[in-house]
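Trainee: sharing a sequence plus its predicted fold:
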Amino acid sequence: MKPLLTGSGYSSIQQQIYEIRNQRVMLDFDLAAIYQVETRTLKQAVRRNLDRFPDDFMFRLSKEEANRLIHIGVSQNVIPAGYNPGGAEIFAFSELGVAMLSSVLRSGTAIKMNISIMRAFVAVRQQLTTPPVDRYTELQADLTALKTYIEEVFTDYNDINEDTRIQLELINESLAELQADRKLTSTPRRPIGYTTR
């Protein structure tokens with residue numbers, strides 16, 4: 001139970017999307033801050049319109065989930081230290097539930113912010129289905145491929161050197177045999193040029 005995306009490359013809204021009960025959700029206090037209303041006001045609007053929020057749109061966190069979330073959130077600086085919902089239940093809204101909130105909270109700010117939230121959900125979905133290329137892993141793969149290539153080149157080079165060495169030895173042996181044969185079969189040559197008596 002933690003934010004799905006963290007880091008400087010993500011918008012603050014994307015960092016407020018959590019994975020809870022295998023659903024991507026936003027929490028009531030984050031949504032209230034985004035919509036610039038009190039959490040109590042947001043919850044009252046939802047309670048007055050509960051028929052618009054079935055379980056796949058909104059659910060209440062158990063006390064254990066809420067405590068764990070607050071503990072993790074404070075340690076990761078996602079939830080401000082000292083946050084205490086005062087024992088009140090925390091509502092978790094799925095993407096569908098957030099979309100429904102715009103019909104419950106009718107302020108201009110709520111509608112504008114709802115558009116940003118919908119875009120954040122889409123961005124999170126895209127990030128999770130096509131994660132960014134890990135540059136380190138990519139470089140590591142390139143280095144491994146280069147190492148393999150160099151080993152193959154040196155293996156070929158060593159094979160060529162071995163073949164060349166064998167051929168040179170054969171040539172030297174042949175030359176030595178020719179020289180030995182020449183010495184055995186050679187007769188003294190007649191001198192060329194003027195002879196003196």
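Mentor: Thanks, I have the structure now. Keep in mind that this is a model prediction, so the values were computed, not measured.
Trainee: the longest helix seen in the chain - what's its average pLDDT?
Mentor: If you go by DSSP state H, the chain has its longest helix at helix 135-185. Averaged across helix 135-185, the pLDDT comes to 79.
Trainee: and stretch 97-108, C-alpha only, in PDB?
Mentor: Extracted C-alpha coordinates of stretch 97-108, given in PDB (Å, rounded to 0.1, in the frame of the first residue of the first chain):
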ATOM      1  CA  GLY A  97     -15.300   7.200  -8.300                       C
ATOM      2  CA  VAL A  98     -13.200  10.300  -9.000                       C
ATOM      3  CA  ALA A  99     -15.000  10.900 -12.200                       C
ATOM      4  CA  MET A 100     -18.300  10.600 -10.300                       C
ATOM      5  CA  LEU A 101     -17.100  13.200  -7.700                       C
ATOM      6  CA  SER A 102     -17.300  15.900 -10.300                       C
ATOM      7  CA  SER A 103     -21.000  15.400 -10.500                       C
ATOM      8  CA  VAL A 104     -21.300  15.600  -6.700                       C
ATOM      9  CA  LEU A 105     -18.900  18.500  -6.100                       C
ATOM     10  CA  ARG A 106     -20.200  21.100  -8.600                       C
ATOM     11  CA  SER A 107     -17.700  23.900  -8.200                       C
ATOM     12  CA  GLY A 108     -15.600  25.200 -11.100                       C
END
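Trainee: now do it: everything it contacts.
Mentor: With contacts defined as CB atoms under 8 Å, 6 or more residues apart in numbering, stretch 97-108 is touched by 25-26, 31, 35, 37, 42, 45-46, 48-49, 52-53, 56-58, 93, 110-111, 114, 117-118, 121. The way it works is simple: take the backbone N, C-alpha and C, and place the C-beta from them, glycine included.
Trainee: name only those of these that count as buried.
Mentor: The neighbour count (16 or more other CB atoms under 10 Å) marks 25-26, 31, 35, 37, 42, 45-46, 53, 57-58, 93, 110, 114, 117, 121 as buried among these.
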